[in-house]
Every structure is written in structure tokens, then in C-alpha cells.
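Colleague: my questions concern the predicted model and sequence given below.
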Amino acid sequence: MSGPVEGEAAAPPAVTPQAPNDPAAPAKTDPKETKPADDGASKKPSGAELKKLKQLEKQAKRAQAKAIVPPATQQGGPPKENQKQREQKQSQKKDESRPLPIRRRPSQSNAVPQQQAKKESTRGQKNLGLFFGHLYSQPRQHSMVGASKDVHPAVLALGLQYSSYVICGSTARMVAMLLAFKAVIESYQTPVGTSLARHLTNHHLSPQIDYLRSCRPLSISMGNAIRWLKDLIIKIDPSTPEAEAKRDLVEEIDMFIRERVTAAQKLIRDQAATKILPGDVILTYASSSIVEQTLLQAHKAGVPFTVIVVDSKPLFEGKTLARKLANQGITVRYYLITGASHAVKDASKVFLGAHAMMSNGRLYSRVGTALVSMLARSHSLPVLVLCESVKFTEKVALDSIVGNEVAPASEILSEAERASLLPLEPHLPATHPSKNKAEDKHAADDAKSGPLDVIKWVEGSDNLHHLQVLYDVTPAEYINMVITEYGSLPPSSVPVVHRLSTNT
Amino acid sequence: MSVHTPTADKPLPDFDIVSTYRSILAGDAELTMPVAAIEALVEAIAHSSVSTVAETLALLEHHTAVLKAEIANPISLSAGTDLFQRYLITTLNRPAALNLAPGDDFRAIRNHLLSNGRLFVDRAKQSREKIASFGKHFIRDGATVLTNGGSRVVGALLRRAAESSTMRFRVVYVLSGSESSDTIEGDQIVADLRAHNVPVATVPDSAVAYSLGEVDMVIVGAEGVVENGGIISRLGTYQMGLLAKSKGKPFYVVAESHKFVRLYPLSQFDLPIEQKVLEFRVADDTKGTASKPSEDEGFFDMHGAKPKCSGVNAHDAVDFTPPDLISGIITESGVLTPSAVSEELIKIWF
Amino acid sequence: MAQGITQLAPGLISFLKSLKTTPADPSVEHLISLLKRRQIRNSRPCAIATTALMLRVVGEFKGRDAAKLVERIRQVGRRLTAAQPREVVVGNIVRRVLGLVREVLDDNTGDSHTGSDAGHNTPTHHDSMTRPTLSSSISTFSPLRHAAAEPMDASMTSEMSDSSEFNRRPPLLTSHTSYAPTTSAPLVNSLFGLFSQPDDSNASTPTGAASPDGKSAHSLNLERLADLSRSTNIDLKSEVMDGIRELQDELEQSDEQIAGVALEHIHSNEIILTHTASTTVQKFLLSAAKKRKFTVVHAETYPHDNTATHGILLTGRKRETRLDEDEDPWKPLTAAGIPVYVIPDSHVFAIMSRVNKVILATHTVLANGGLVAAAGAHMIAKAAKEHRTPVVVLSGVYKLSPVYPFDIDELIEYGDAGRVVPYEDGEFVDKVDVEHPLYDYVPADLVDLYITNLGGHAPSYLYRIVADHYHTEDITL
């Protein structure tokens, strides 16, 4: 029920109220209006200008509506619209959280306020509706401010580790969460007049989960673990003494981690390591702890093989993996994703980790995995996915767009990259809003523009969006084998195993 | 050598084009069928007393028709006869092209043909060497090459590559078990390559898909290169092409440009020959099994005169490899894409 | 390459400046060193520099001996290509200039020749008999004229038509594409070669680089060239220089010409994916943006072109061209009202299901229809193929190379590993083999359409464009 895919509250529908019932609007392309609309992009019209403009608009609209539309319908339209526009003007702050109606309403009538609203809202979130608009809601939580007072300190700390990617990776996040929940349960006291089974889940655990979700959408495995835990709590006999129940729960959690993670990983790596033959060149993408364990195990067993790590920005997880492997004496080559088509040429097998295995056999994993598997497939390389069954989900997906996790766009440009873009400043188009701002700033405090300004340029230029998600979906036909603790299976058998492992 | 052997000295209707063709082929193991056909036609002209353009063309048409009817698989040789016919029509219509004065048109052309018959043969053989020396660059150091059949051009190419000491490569050679002349040629190539220290693995047709994982490129010969850039080649080539494509391995064809034939097959069953490959039978239907001796095969035919044959047996049969499976066609004038073949043929036929 | 280049850094601009005052030989050295140090890189700057240098070389050439001129150009060309073999475009330009020399000669000999020595070297255009002589009777018209889509010279047409039976099929064959190739094509040989006159046989060599007979044929051609130039009274030098200037115009205009057809390829509300920073692609999209609304998804091509990519999106120009004061300033796409979404390269597959069309820039286009482009291009094209999304490649004709790509790996340049992992991370660089390929080879079957300054072509037709622009005997420099 919860996971990164649907983990966030759905984005506000944000259908502008005037959109549907305004048949006059598209027809209305008065040159008088288009002109100011265009200017609006470059300079901010003063309040008086705006007012005048609106007056004009209103008049034109009325005149036109009279000609075309029956009066009854049009009366409702324009005034409301104008009212709305005025609202926008007066309190533009409100616009920040509201996705912009830019693509939904190409009509000229609200072009000016739209532009303006956009300009103002660039401080906040930019509209990425074309691709992942449905995934945006509120910005990611990066601090403890605003967290509910019920949130346990261990969970608070964990949330920050999530949002800063200190704890990263589907399994690691799940284990960390369970450990934090252990602390939560241990310090839990059932309030008088209710039972642990009823109160713990709904009133105590839920705020913790909500907080974690606000830090970063839950992973599939976290969702699975939460479901398991809730199930467990509900089944507790109300007559059980609280201390005993808590002890049982903590033990169960430990058992869960031992069985579904530690033991599962051992089984998987034992099995996967046998697939590494002397002379193999194993290609892997980004970083997966289970792949890392497998490679190390095979290396310790004395199998001579080399590794190619393909990596990509912004997390550069593969770098850590490459370093660890190299420190153990494995020959490692390191490519970025742009060089992937060269990397696969030399590889003989591809080992991938998973964020989740979907029930239609597709692999949901770090974005870029699909590219690597595609290239491997075209070179006839076997693609092996190592995945604990706790990451299996009943969800299905065909593409990477319906369900995904959006990462902050500003992460696209690293500090160094921003710095290398700084010399471009004098070449920014004259119409660029942040250009003006930069001048203002120069006038004000004569500050030298720093790397952060580059982000502002990006945010400031209309139409330029940076887009970043964390996962993609690899088609099942690129995958030759999924290794789980139950054994090796074709991707088509994922739902079978999922059913088996959840029915126990 | 066979050009000057006076096999027959009677005028037009009695000249035995078929036996001339056979003896020419038999006389020189290095000869390809299209060139042998051209030689036979040149001889036919030599033995005739034609003196006008129209007569010559009629004579050619007659002999070509006879030849095509008598040979079980005339695809390859028709490349030669068609080319020759086209050449005559073109030049006879425009003597200036031969740097001849308009006056001595026909005689001069005839003389040119008759006196240079040997040259044509040499040139055809030369083109094989040219292909070999050019095509060997396709084989990169450390590569594994898959090939099939007994194509002499492929053989020449591989030998040439083997002779250059700087390059190490391996060959997977597909040899069908049957005792066709194709196999004999193939065995010879394998032996030569091994003598040059080139590791060669011979596999049956059925092992192509199996071996493909170890292979870097496929090189095949062709009996004819057809208008859309596809090829007609010995049975099994098509499946190699399909497999190579599905595994993303480059598939090169080696063929002299005189093998370009004006033919546009749409499918395997659209070839102008009858092949006894698909023979459906039930238990008691055994009468039809007595197959006629093989008459014709890909690259040479040393059986001499044999009775007329109505079909091609399975082990001498050919198939059609469509152009989308072919990465490039290596000819003596360079590497052509399949689309360039079409242009070449358009240029002489339209 | 990007960091630390200051206003006065050596590069294309400084080279062009110094070329005005420096004689040819030191300029050749200068360009060689610039190429070697990668201070001039990428196809367009290389092409511009080479053309300018060629103009200088030809301009300083003394005497009227065509053979010597050819040898001189060839020798310069060999040195330049040896300096940086992967900038294939340098060789392309040299070959084009060689072709110009041959063309000038040919045009003139064609006019002045009588039938007296026709037996030897009249450019009898009939391909059946004269394939060998073809090599000396080079193409009758300039590729530049193709580029400008001008009708053929009347004199040429007539010369061709009376020598060819083909003119009886007007629709197919009056166009240059079906005829010119026979004279200049490296890949095309007449099927009638088998029957040709014996005395010509020495020239019917394969065109491949490896031809053992190539040398003799070539020297023979040179002799002929020398003959011709002595016997006729032509101002070889100035005509060739005019030709080179036309070539410069072509380089200058090719982007505009490509952009000119943009509306034929981009419809409204498309989502177009592109990568790296290419002026050709940006101008193409800008031209379409004048009339249509569409959306661009831009893969940033990290780590080697990302700075340029972000730069071109923010300011409309690459960093390296910003030194060029003469260049027309043009707005970034975003200023033209086109929404641009920048994505990391890893997102290509994820986003591809929403993309209607992929437009790729290229480094070099090869005669087999494949191309060499910025790293990442192969996976983009492959992902597009998997999603059945059409892939369009934009390339000026000057990027088309006649050299057959026997070994793709030789064309791939590897860049500075420090761009992948900063050198501060010394321990990592020591232990891990960091690879940084700059280019990808994209096979022809992943490309659906090429758009050059001559128009749109299927990949399978590129061999013909190549054949139209280069002469057989120039392929090996």
C-alpha cells in the first residue's frame, strides 16, 4: 500500500477553474494583448499596467463573448477569471505550491499573470508536469522542523539520513527503519484505555512512517516490511502483557532481519558467486550491496575475474563500490554511463542489484539500469539480477514514468559543475530575469556571484527545467535470471515467488 | 585455355553451347560460372558467321536460353550471360565508347571480344585476388570469423589474411557432411589455413547458432548478388544471416561484381529454379525418392556432361539471404552496401 | 578542455588570425601542433582551420604543374591527418580540395581536347569501357553545386548525354546522382569492367586503401595530370582557390541549410530528445521553434560535454565559441519559448517512452551509414530503436568520410580520466582503471534518417553522397 510509487500524496489536481468553460478564449488572439503578454516575459509589468491590461482584456472579452457566446454562460467566466488573476497578483506566495497552469491553458487571456506567477514561483518548484508532474507534491523534507512531536528521536535522525542519501539503498533503508522501529516500540507505552494492538499501529507508528515518507518516499522493501509489522501487531493477543508483547515484537523484527535479509543475502551470494567463472568480466551498474558481497565472495574463493563498474551522476554510488572492490585487490574498470556502450563490449556477464522486482517481471532499479541491460542484451550478455524476495512487489509497471521518485533538480549540477558554468554569466541573454537580479545585487552589495547563482540562472530562465528521477524500469526481456534466496528464476516467475513469500 | 579449343565447327544451330560451357568449367577449376558462361558465348560468336548486330544478339539470346534451360541452377551463370548481353547491346549501339570510329563498329567489337577472351578470364581471377587483398582488412587482430561453404573468394580472402603474419585470427568453418564438391573445396581451405597456423574449427550446419557466441564476424561467399542487394548462396547461408543478425554480428558477403545478377526474389520460393529441398512424403510414397544426380552447385561443376536435370538436390540447393541481413558486400571495387548493388544493376539495365 | 581556456588561449581563432600573416609552412606546423594538443577539436573548427590552411597552401603554390600541386596538398594532408587521425574531417577537407584540383583540370581538358589523343585519355564518360580512365576524368561537377542545388552546367549535360546511352531515361538519369558516381565513386565500379580494353586494366584497381596496384594507377594519373596541365592554359591556382572559398561558404552555410528543412521534420507538440551541445542541432530546433511549439529533452552528456550543454541551454552558445566575436549571437532555445528539460544521461531509457523523435549531432559520418558521435549516442539510438522512436542525425556533408571503418575502435578517442573522477581522488585513480571514451560508434541500422545540407537521406544512401564528393584516388592520402 505504500512505497515510493504511490508513497506521496497525490499532486493537487490544479485544474484551473476557468479552464473548461471558456470557449471564447482560444479564439481570442487580439494583437493588443499578445504584445504585453510577450513583454511580460522580459520585464515585470507594474501594478498599474497590469490593471490596465486587465481592463482591456475584460472589455475585449465581453465584446467577443457577446458576439459568440450566449450571455448566460459567459457571465460566469470572465469575472471569475479576473478575480483569480487579481488574487494571484496580490498573493503570489500562494502560487508556489500550486503547479502552474501553463500547459493546460494556452489561451492568451491569462498570459500575463501566468508569466508573472511563473517568475515568482521559480523560487519554489518548477512545473515538470510534462513528464513527472504527477509525482511532485511538497518539496522533500530536509530538516526536523515541522515534524510531528510524536516522532521518535531515532526516527528523526533516520529521516535526515534518508534525505541526504547517507543511508541509501533499498535494503539498507529497510533495515535501518526496522531498527529504528525497535527503539520506537521499546519506548512505547500503551495509553490507558486502549490496547497495544490497536493503538501502536495507527497512532504511534503512523506518524513515524509519515515523517520518514516526507524525508524520502518509502522504498518497496520498506513498504513490505511495514505491512508485515502492522500485520504482526494487529495479530497480538490483547491479553498479552505489554512488556511481553513488546519483547515479542522486537524479537520478531530481529528475526525478520535475520531471515529475510541476512540469511537471504548469504544464500543469494553463495549462489550468484558460482556464476562467476574464471576469466569473466563482470559488469555492474551503480552499487548494490548484494552484488558487492557476491563479487567479494567469488574473489575470496580465488576465482580470477575482473569487474567493470558503470556509474552515473549524481550519486556516484559506483565509485564507492569500485573503491571497495579495488581495495580487496580486484581489477576494476570504471566507466560513466555515457561510456556504457564501450563497457559492455568487454564484459561477459552483467550483475545488477534491484530496488524492486515488479510482478510483471520488470526490474525497478537505479535509473540507468535499463540502459545497461539493454546494451548487454544487444551484446548477448547474460543479465543477472540479485534480489532478496523482500523486494518483490505485486505492483506492475510498463514504463518508468507512472511510478518513480523525483529527486531535487538542483542535484543535477554538482558544485564543480556550477563553478565551471560561472564564466558564462556575461553571456546570459539580456532578457534573462536573473540577469537583472544579478545587476541589482551588484549594485547592492557588490557580491561576487557564486556557484549557487548558477542554480538561480537555471531556475530563472523560463522554459529551462532540470529533471531528475531516481529509478527506471527495465523490461523483463533484458533479464536472463533473477537470483533470490529461493533460487534462480526467470523474471516471469517473480509473482509466483512473491505469492509464496507473502503467504507464509 | 579452353577458349581456343575448337569444340565445334558448325554454324549457329549446331553449336553445342552446353557442352562448351561444361568443358570450360571443367577445364579450369578456378573459373566461376558467370565467366564460364561468358566464355562459352564468346566462343559461340567465334564459331558463328554473324555479321550484324541483330544477328549477334539473336544468336546470343538463343544460346543463353539453351544454356539456362539445360543447367539446373542457372542463377549464377545467368549473371554472366546477362551481363554479356547487356554489354554487347550497350557497346554495339554506341561504338564510340570503345574508342572506335563509327565505321568499323561490329567487326572491331567482335575482334575485341575474340582476342581478349583470355583476358576476361584473367581479369575475373584478378578480381578475386583484389577482393582478397582488400577484404582481409575486415579481419581484425584477434577476431574469430565464421564462414561456410566452399567459396573460393572467401578462401582467397582468408588465405591472404593468414599470410600476413601480423594478424592472429581464428576461423569457425561450417562444413556440411555431404560429399559435394563444395565440401572438397572447403576442406582444402581449412587445410591451407591450418597450414598457415590459423586455428580452424569445423562445425556442421546445425552448430552455427551454438558457435555464434564465440564469433566476431561472418563472411560468406555468394553465387549471385541480386538486385535488392540480397544474395543467392548455398543452402544454410540464410540461416547464418538470420542468426548473425539476431546476435548482432556483422555479416559480410564476398563476391566479384560479375556475380551481380538481374533477379529480384521475394522469398525463398521465388527463385527461378526448382529445388528438391522440401519434399513432403508419407510412408509408401517411395518411388519419387530416386533423386537424379546433382548437376549443379554453387561454385563449380566438374561433372562434365550429364543428362538434363530437372531439379536441385538438397545438398546442392541454394537459398536467398535478404539484404537487411547483410552488413556489406565486398567486391573488387570496394565495399558496397546492399543499396549500392541495386544502383550498379540499375546503371546497366535501365 | 573546458576549464582554464582564457581569451588568448590558442585555438581556432588564434590560428585563423595568425594565418593571415604567417606563410603556409609554419602555418601547417602551427595547425599540426594545435591538433596534436587538441586545442582545435571537434569537426567544425577542424574543418574551418583546414580549409583556411588549404587556401593558404594553394595560394602560395608556385608554378602551374597540377601534379605538383596535388602532391603538395596530399603531403600537407598526410601530415595533418597523421597529427590527429581521429579528426576525420581534416582528411575529408583535404580530399575535397584534391577533388577540386582534379575537377578544375577536368573541366578544362574537357573543353580543350580534340579527338586526336582520345584513345588514351579522352574523358569518355561511358562507364562501360572506361572505368579506368574515369579516374583521370573525374567528376564533372562540383559538390558545391549540388549543395546549392543548382542545375548542371549546360555544357556538362551535353557532354554527358552524348556519351551516354542513359539519357534515354530522363527521369532517373539526368539527375547527377545516378551518373556522376560512375566517374568519381570510390565504391562504384561498372559491372562492365570485366570487358574493358586491355590497356586500361592497370587502373581498374580496387579502391580500397590496401590496393597493391593503387600506387601505379595513381602515379599514372599524376602523369596525366601533369600532361594536361602543361598542354592547357588554365589558371589552375585561382580556380582551385575559388573552389576552396566555395567550400568555406559551404561550411558556413551548412547549419543554416540544415536548419532550413527543420519544419519538414518537426511537427507541433513533439517531444524531441537530443544530447550534447551542437550548434547544428540547436539551430535546427530554433528554426523549427519559429513556427511550431514543441518540447526538447536534452541529455547532458556527462562528463565531457555537460558544461557545454548547460552553457548552450543557458546562453545559446558553447563556451569555446564564445571567444568568437563575429559569430551571430543567437538566443537559447528556451528564449524562443521552447520548454527544455535537462536530464542526466542515465534517464534516457526512462524518458524514451515519451519521446517522439531523437535528433543526434555527430562527429563523423561514415560511408556505411554509421556515425561517430559524442559518447552516449549509441545508447540513446539503441533505446530509441527499442521504443521504435525515429532517430534523425544532423550532419554537414563535410563530416561524411569516405574511409571505410574497418576498425571502429580506432576512431574512438579516449579523454581525460580526470573529468570522470577528479584527480584529487588520487587513491581511486591509482587503483581503479578509469575509462573515459569521448565518442560512440552508432551503427547504421539504428539511424532512420540523415539530414545534411543536401537534404534528407536514408542511411543506405550515404554511400552515394560520399561517392559524389570524393574521388576514388584521393581516398588514400
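Modeller: Sure thing, it's come through.

Colleague: can we go C-alpha only for contacts and neighbour counts from here?
Modeller: OK.

Colleague: in the stretch 251-350 of chain B, which spans are strands?
Modeller: Assigned by DSSP state E, counting those that start in this stretch, the stretch 251-350 of chain B shows strands spanning B:251-254, B:275-276, B:312-313, B:318-321, B:328-331, B:334-336.

Colleague: whatever residue of the stretch 251-400 of chain C ends up closest to chain B: what secondary structure?
Modeller: Nearest to chain B in the stretch 251-400 of chain C, going by CA to the nearest CA, is C:N368, at a distance of 6.6 Å. At C:N368 the chain is in coil, as set by DSSP: H, G, I helix; E, B strand; the rest coil.

Colleague: okay, now it: neighbour count?
Modeller: C:N368 has 25 neighbouring residues, counting by other CA atoms under 10 Å in any protein chain shown.

Colleague: what's the answer for A:P382, then?
Modeller: 18.

Colleague: repeat for the one 3 residues further on
Modeller: Residues near A:V385, counting by other CA under 10 Å, number 26.

Colleague: end-to-end on stretch B:316-336?
Modeller: 27 Å (CA to CA, to the nearest Å).

Colleague: and that stretch with chain C, contact?
Modeller: Yes: on the criterion CA under 8 Å from any CA of the partner chain, stretch B:316-336 is in touch with chain C at B:332-336.

Colleague: and what of stretch A:471-484?
Modeller: Yes: judged by CA under 8 Å from any CA, stretch A:471-484 comes into contact with chain C through A:472-473.

Colleague: CA atoms only for that stretch, dumped as CSV, please.
Modeller: Presented in CSV, the C-alpha positions along stretch A:471-484 are these (Å, rounded to 0.1, in the frame of the first residue of the first chain):
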residue,chain,number,x,y,z
TYR,A,471,14.7,4.8,-10.8
ASP,A,472,13.8,3.3,-14.1
VAL,A,473,12.0,0.1,-15.2
THR,A,474,14.0,-2.5,-17.1
PRO,A,475,11.9,-4.7,-19.4
ALA,A,476,11.8,-8.3,-18.4
GLU,A,477,13.1,-9.4,-21.7
TYR,A,478,16.5,-7.9,-20.9
ILE,A,479,16.8,-10.0,-17.8
ASN,A,480,18.0,-13.6,-18.0
MET,A,481,17.9,-14.6,-14.4
VAL,A,482,16.8,-13.4,-11.1
ILE,A,483,18.7,-14.9,-8.1
THR,A,484,16.7,-14.9,-4.9
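
Colleague: just the buried residues of that stretch, please?
Modeller: Of the residues in stretch A:471-484, those with enough neighbours to count as buried (16 or more other CA atoms under 10 Å in any protein chain shown) are A:471-476, A:478-484.

Colleague: what does stretch C:456-470 give?
Modeller: C:456-457, C:459-470.

Colleague: can I get those residues in CSV with pLDDT, secondary structure and distance to chain B?
Modeller: Below are the buried residues of stretch C:456-470 laid out as CSV (pLDDT from 0 to 100; DSSP: H, G, I helix; E, B strand; the rest coil; distance: CA to the nearest CA, whole Å):
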residue, pLDDT, secondary structure, distance to chain B
C:G456, 93, strand, 16
C:H457, 92, strand, 12
C:P459, 90, helix, 10
C:S460, 87, helix, 6
C:Y461, 88, helix, 7
C:L462, 89, helix, 9
C:Y463, 87, helix, 7
C:R464, 87, helix, 8
C:I465, 89, helix, 11
C:V466, 88, helix, 12
C:A467, 85, helix, 11
C:D468, 87, helix, 13
C:H469, 89, helix, 16
C:Y470, 90, coil, 14
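
Colleague: out of the strands of the stretch 251-350 of chain B, nearest to B:L212?
Modeller: strand B:251-254 (11.8 Å; CA to CA).

Colleague: other residues contacting that closest one?
Modeller: Contacts with strand B:251-254, where a contact means CA atoms under 8 Å, 6 or more residues apart in numbering or on different chains, come from B:131, B:153-154, B:217-222, B:241, B:244-245, B:325-331.

Colleague: cutoff 7 Å now
Modeller: For strand B:251-254, contacts defined as CA atoms under 7 Å, 6 or more residues apart in numbering or on different chains pick out B:153-154, B:217-222, B:241, B:244, B:326-331.

Colleague: pLDDT on that strand, on average?
Modeller: Strand B:251-254 carries an average pLDDT of 93.

Colleague: can you list the residues of the stretch 251-350 of chain B near chain C?
Modeller: B:257-258, B:332-337, B:339, B:344 (CA under 7 Å from any CA of the partner chain).

Colleague: quick check: A:A243 vs C:V420, distance?
Modeller: Counting by CA to CA, the separation of A:A243 from C:V420 is 55 Å.

Colleague: looking at those two now, which is surrounded by more residues?
Modeller: C:V420 (20 against 12).

Colleague: can you pull the contacts of residue 409?
Modeller: No chain was given, so I picked chain A. A:466-468.

Colleague: now narrow these to whatever sits close to chain C.
Modeller: A:466-468.

Colleague: narrow those to those in strands?
Modeller: A:H466 (DSSP state E).

Colleague: closest to chain B out of the ones next to chain C among the contacts of A:A409?
Modeller: For the ones next to chain C among the contacts of A:A409, the nearest to chain B is A:Q468 (32.3 Å; CA to the nearest CA).
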